[in-house]
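In: Have a look; sequence and predicted model below, questions after that.
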Amino acid sequence: MNKPAWFHKSNIKISLDARPLLARGIHPLDQVQQECAALQPGEVFEIITPFPPAPMIEKMTAAGFEIHSEPGDDGMFHTCFKK
């Protein structure tokens, strides 16, 4: 998948590894929405998950965020939301 022009690792303001939350049965959507609401224009929030977070991507797209998601070298999905 091609990275969008806006995606630069240096723009990632917050990165959340959701694996510990998911292991405890906690869905990270509320936390992601809160963190993303605090982003300034151009800033990026990254969430790391063991699978593509399709429902979260749909919700954040509907909320007006730009999305980029791809598997990383670590085998996890790195999904970024840009305000």
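Out: Received it, and whenever you're ready, just let me know what you need.
In: C-alpha only now, for contacts and for neighbours.
Out: Noted.
In: Pull the number of nearby residues for the closest residue to residue 80 other than its chain neighbours.
Out: With Cα to Cα, 6 or more residues apart in numbering as the measure, residue 46 is the residue that lies nearest to residue 80, at 4.3 Å, once sequence neighbours are left out. The local packing count at residue 46 equals 24, with neighbours defined by other Cα atoms under 10 Å.
In: what's across from residue 46 in the sheet?
Out: Applying DSSP bridges to residue 46 gives these bridge partners: residue 15, residue 80.
In: Is it in contact with residue 11, as I believe?
Out: No - Residue 46 is beyond contact range of residue 11, at 9.9 Å (criterion: Cα atoms under 8 Å).
In: Tell me which residues touch the residue nearest to residue 80, please.
Out: Contacts for residue 46 (Cα atoms under 8 Å, 6 or more residues apart in numbering) come out as 12, 14-16, 78-81.
In: in this protein, which spans are helices?
Out: In the chain, the helices defined using DSSP state H lie at 19-23, 29-37, 54-62.
In: among these, which is nearest residue 72?
Out: Of all those, it is helix 19-23 that lies closest to residue 72, at 14.5 Å by Cα to Cα.
In: List the buried residues in the closest one.
Out: Neighbour counts using 16 or more other Cα atoms under 10 Å place residue 19 of helix 19-23 among the buried residues.
In: can you check stretch 39-50 too?
Out: The neighbour-count check on stretch 39-50 (16+ other Cα under 10 Å) flags 39, 43-49 as buried.
In: Make a markdown table from the residues you listed and add pLDDT to it.
Out: A markdown table is the format used below for these (pLDDT from 0 to 100):
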| residue | pLDDT |
| --- | --- |
| 39 | 94 |
| 43 | 94 |
| 44 | 96 |
| 45 | 97 |
| 46 | 97 |
| 47 | 98 |
| 48 | 98 |
| 49 | 97 |
